[in-house]
Structure formats: C-alpha cells, structure tokens
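**Student:** Okay, predicted coordinates and the sequence, questions at the end:
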Amino acid sequence: MTTTPAPPRHRIGLLSVVLGLLFGLAGTSTSGVTVALPGLADGLGVTTAAATWMVSGYAVALAVAVPVHGRLADAVGIRGPLCAGTALLGIGALAAALAPSFPLLMIARVVQGLGAASVPVLAPALLTARLPDGRRGAALGRLAGTSAVLAAMGPLIGGALTTAGGWRAAVALPVVGLLAVPYLWWRSAVPGDGARLDLAGAAIVATAVSGLVLLIQSPSAGTAAAVTGAVLLVLGVPATAAWVRFRPDGFLPRAVISNVTVVLSSLCAMAIPASWFALLLGIPLALAERGWTPLTTGLVLVPSAVVALACPPLSALLQRRLGPTRTLLVACVVTTVGLFAAVAGVAWHQPWVLAIAPTLVTLAFGTGQPGMVAAVGGAVPEERRSGAIGVATLCFLTGAGIGAAVIGGFATVLGLAPALALLLVLPVAGAVALLVSGKQG
C-alpha cells in the first residue's frame, strides 16, 4: 500500500481517536460481557461454563480473521475491509443481544469476532499509511491509549449496562461502532497492491486453532467436544504444514514462520492475552459466587484502566532502554506475578488481591504486545513485515482463546484457582525461552 499525503494534524488526531474507540470496542466485546455471564447463562438456560464459549468463539474468530483482513487490505485497499469489519462488529453485537437461544448467540458472536478482527490490524495500518515517519508515533500512541482505556473500562461499563438493562444491554455495547462507518468510509481511502488472498490457507489454520480451543475446553463440555477438537486438531496441524509447503507465500508465509525471532516472540507473547482473558472471565465468576453485582465487580477492575493510560509511554521507554525482546521478557515476568496474585486472591477470598492481578496483566499486555510487534517487525525484511506482524497477531490472539477455554474447561472441574494456576505454565515457559535465546544470541 502506498503512503498518501499527510492530512492536517487535527484531522489525524480525530481519526486516531475514532480508531482507538473502535479498537476499544473490540476489546469491550470481551471485557464488557464477562461481568454479565451469570445473568446471560440464567437467561438462556445454560451453565456458566457453557456461557464462556461466547468468549472463546469470539476470540478464535478474532485471531484467525486478523491476518485475513490484513491480506485483504493489501489486495483491495483499507477502506472496504475496515468499513465492512466495523459494520460486522456492530451487526454481530446487535444480533447477539437479540438472540433467543445460545446457539444463535454463538453464531452472532463469531460474526462479531470476524468483523472486529479488522480493527487491530487495519487501524494502525491506516495511520501508518496516512502519516510520515515523524508523525506516526504520536498518532499510534493516541490509538493505543484510547483503546486500552476503553477496553480496561469494559467491566465497569458492562456492569453498569447489566445493572440498568440486563445482560443484553452489555452484549449490545459495540453496536455504537456502526456510527463510525460513514466517517471511516470518508477517511480511509488507501489503495491496495492487488496481492492474492489465501482463503483456503485461512480455513485450514482456523480448523487447527478451533480444534485446540475445543480440546482445552472439553473437560466441562463433554466427550463430544473432546472428540471433535481432537479430530480438528489432528486434521488441521498436518494440513497446515502441507499447505505451507504448497503455498509458501500464502496465509502463513514460509519465510515468516521459519524465522526464529518471529516464532519465539509470537509464542511467548501468547501467554499475555491468555492470562488477561482468563482473568476477565475468572474474576467476575469468583466475585459473582460471593454475591457481588456486575457493577461492583466492574469497580474492582477499574485500576486496570488507570494502568492502561500509562502503557503507551511506558512501552516506548522500555523499548528504548531494553529493546523489544527484553521488553517482552519483562511482560512475561509481570504476567506470571499477576497470575500468582489471582491464584492467591481466589484461594484466600481477598477481592483486593484480585484487583491487583488484572492490573499487572494489563500492564504486561500494554507493553508486551508493542514489544512483540517491534521484535517481529525488526526481524524480517520490510516487504515481509505486514505478513509477519499478521502471523504474530494470529498467535497473540489465539492465546486469548486458550485463556478463555482454560477457565471454561477446567474451572468447574478443578476449581478456579487451580485453573488459573495451569496458565502459569505459559508465561514461565515464555520467560525461560526468551532468557535462553538471549544467552545463546
């Protein structure tokens, strides 16, 4: 995609805020509904464990569709995919809020995730395309700050909406994104370069990712989910490997996934959203069992929003002082401490400790994700950078589905504290891998 002439500063300021709000709405599609899960489960006649599938399904759709939107924008330009994705985000949210049954709700949530996936990849791409190097930093920082604050405020907003209008009001929140579509159509005309889109490769990868999430969540979902997940995984993994050999420049470019830095950074960063989504699910469920309302649960998670404000400048500082890979290492360590705090808070029945856990993991999220993007982007040639970041984002967001599936699959079987403890394997392994690779390098 080519860089268009830079518009006036006030126009870019408004564009970055609008994109940041849309990015935040994609986040509140998870964070804003977790506090409403007990009421949703009662309203649709399913268990709370089953209700967590709406988070897992959304996360998997989001993960797989992110690189699809990136490749589609390469082919046809940013405007069409971004506007269509934003529209699907809002329409999916409306359909989910009106769903008369849980299966229809799940379909709507998958549609919503497919649309929401356009924002994480195309919002920064649009700002990058519209601005010269010297003005990108401030705009991307405004984008990140706006989105982080709104996503972190999701539990409080969702709690307030649930208190006022029930779970359907919380689920419907992203509908407001439809208001941005005319503005985006006007401001996002960036041409593509005619690149070919590999939809078959995307479908094969989606099979493997869906199988993994189904298998993880199967302890509470039953034998059918376990068998289906195992079959999808057994079919999807070798099919993905075969497709990469057949289409080396397809959905998963061989030159990208054979890059050690790209693979290591992506897999280590996966631990952060896995932990964040697990806490967004686990903490509201733990407090609901103690009689807390959705609104008071949202208040417990407000400190995360305050921390989110500090993440963009802190991330830039850490990358200047430590470099991207060490910044990611710090994020893995902070994630580990946050999970320990969550396990302790659940085990000791201490809400104030539970408030510390998501604050720490939000800090790790806001610094680790930019660290991953910088590490991956710096490890490949410029012409492969967008594809590499798309693959990394796919891994990163797959972690969100894994985290949600661990809580949905194991919390009712083992208890919430042991389920959260299981997730400690991910950030600890990530930190060890980064340390070992650093010493070898």
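**Tutor:** Yep, it's here.

**Student:** mind checking the SS state of the nearest residue to residue 98 once chain neighbours are set aside?
**Tutor:** Counting by C-beta to C-beta, 6 or more residues apart in numbering, residue 98 lies nearest to residue 168, which is 7.4 Å off, once chain neighbours are set aside. C-betas here are computed from N, CA, C, even on glycine. At residue 168 the chain is in helix, as set by DSSP: H, G, I helix; E, B strand; the rest coil.

**Student:** So residue 168 sits against residue 94, correct?
**Tutor:** No. Look at residue 168 against residue 94 with C-beta atoms under 8 Å: they stay out of range, at 10.1 Å.

**Student:** What is the three-state secondary structure of the most centrally placed residue in the chain?
**Tutor:** Centroid check for the chain by C-alpha atoms, centre = their mean gives residue 397 as the closest residue, at 4.5 Å. Assigned by three-state DSSP, the conformation of residue 397 is helix.

**Student:** I'd like the numbering to begin with 74 instead of 1 from here.
**Tutor:** With 74 as the first residue, the last one maps to residue 470.

**Student:** where's it relative to residue 148, distance?
**Tutor:** Per C-beta to C-beta, to the nearest Å, residue 470 is found 22 Å from residue 148.

**Student:** again, but for residue 111
**Tutor:** 43 Å.

**Student:** Same question for residue 97.
**Tutor:** Taking C-beta to C-beta, one finds residue 97 at 27 Å from residue 148.

**Student:** Look at these two and report which has more neighbours.
**Tutor:** residue 97 (28 against 14; other C-beta atoms under 10 Å).

**Student:** Please identify the nearest residue in space to the more buried one, excluding sequence neighbours.
**Tutor:** Here the residue nearest residue 97, using C-beta to C-beta, 6+ apart, is residue 223, at 2.6 Å.

**Student:** What average pLDDT does the helix or strand where that neighbour lies get?
**Tutor:** Assigned by DSSP states H and E, residue 223 belongs to helix 206-225. If you average the pLDDT over helix 206-225, you get 72.

**Student:** Stretch 190-197 too?
**Tutor:** Rounded mean pLDDT across stretch 190-197 is 86.

**Student:** Touching that stretch from outside, list them.
**Tutor:** Residues outside stretch 190-197 that contact it (C-beta atoms under 8 Å, 6 or more residues apart in numbering) are 92-93, 95-96, 98-99, 134-143, 146, 151, 154-155, 157-159, 161-162, 213, 216, 261, 462-463, 466, 470.

**Student:** need the helix or strand of this protein with the lowest average pLDDT.
**Tutor:** helix 206-225 (a mean of 72; mean pLDDT, DSSP states H and E).

**Student:** Of the contacts of stretch 190-197, which belong to helices?
**Tutor:** 92-93, 95-96, 98-99, 134-143, 146, 154-155, 157-159, 161-162, 213, 216, 462-463, 466, 470 (DSSP state H).

**Student:** re the thing from before, quickly note the distance from the residue nearest to residue 97 to residue 157.
**Tutor:** Per C-beta to C-beta, residue 223 is found 22 Å from residue 157.

**Student:** now residue 493
**Tutor:** Where residue 157 is concerned, residue 493 sits at a distance of 37 Å (C-beta to C-beta).

**Student:** ok so, going back, in this structure the residue nearest to the centre of the chain contacts residue 346, no?
**Tutor:** Yes. In this structure residue 470 lies within contact range of residue 346 using C-beta under 8 Å: 6.4 Å.

**Student:** you'd agree residue 89 is up against residue 218?
**Tutor:** No. Counting by C-beta under 8 Å, residue 218 is not a contact partner of residue 89; they are 9.4 Å apart.

**Student:** which one of these two has more residues nearby?
**Tutor:** Remark: of residue 89 and residue 218, residue 89 carries more neighbours, 25 against 21, as counted by other C-beta under 10 Å.

**Student:** Between the two ends of stretch 178-197, how far is it?
**Tutor:** One end of stretch 178-197 to the other measures 30 Å (C-alpha to C-alpha, to the nearest Å).

**Student:** so how far is it off the chain centroid?
**Tutor:** 10 Å (C-alpha atoms, centre = their mean, to the nearest Å).

**Student:** tell me which residues of it are tucked away?
**Tutor:** Under the neighbour-count criterion of 16 or more other C-beta atoms under 10 Å, stretch 178-197 has 178-197 buried.

**Student:** Likewise for stretch 280-289?
**Tutor:** 280, 281, 282, 283, 284, 285, 286, 287, 288, 289.

**Student:** Among the residues you listed, which pair sits farthest apart?
**Tutor:** 280 and 289 (15.4 Å; C-beta to C-beta).

**Student:** just the strands in the stretch 374-514 of the chain please.
**Tutor:** Secondary structure of the stretch 374-514 of the chain, counting by DSSP state E, counting those that start in this stretch: no strands present.

**Student:** Mark which of the contacts of stretch 190-197 are buried, thanks.
**Tutor:** For the contacts of stretch 190-197, a neighbour count by 16+ other C-beta under 10 Å gives the buried set as 92-93, 95-96, 98-99, 134-143, 146, 151, 154-155, 157-159, 161-162, 213, 216, 261, 462-463, 466, 470.

**Student:** Could you pull up phi and psi at residue 172?
**Tutor:** phi -60, psi 130 (degrees, to the nearest 10).

**Student:** What count of nearby residues applies to it?
**Tutor:** Residue 172: 20 neighbours (other C-beta under 10 Å).

**Student:** Can you tell me the closest non-neighbouring residue to it?
**Tutor:** Per C-beta to C-beta, 6+ apart, closest to residue 172 is residue 178, 3.9 Å.

**Student:** just residue 508 next, same as before
**Tutor:** residue 402 (6.8 Å).

**Student:** Could you pull up the residues touching that neighbour?
**Tutor:** Residue 402 neighbours (C-beta under 8 Å, 6+ apart): 504, 507, 508, 511.

**Student:** Narrow those residues to just the buried residues.
**Tutor:** Neighbour-count burial (16+ other C-beta under 10 Å) applied to the contacts of residue 402 gives 504, 507.

**Student:** Relative to residue 276, which of the contacts of residue 402 is nearest.
**Tutor:** For the contacts of residue 402, the nearest to residue 276 is residue 507 (32.2 Å; C-beta to C-beta).

**Student:** Could you report the distance from the closest residue to the closest one other than its chain neighbours to residue 470?
**Tutor:** Using C-beta to C-beta, 6+ apart and skipping the chain neighbours, the partner closest in space to residue 507 is residue 402 (4.4 Å). Residue 402 sits at a distance of 21 Å from residue 470 (criterion: C-beta to C-beta).
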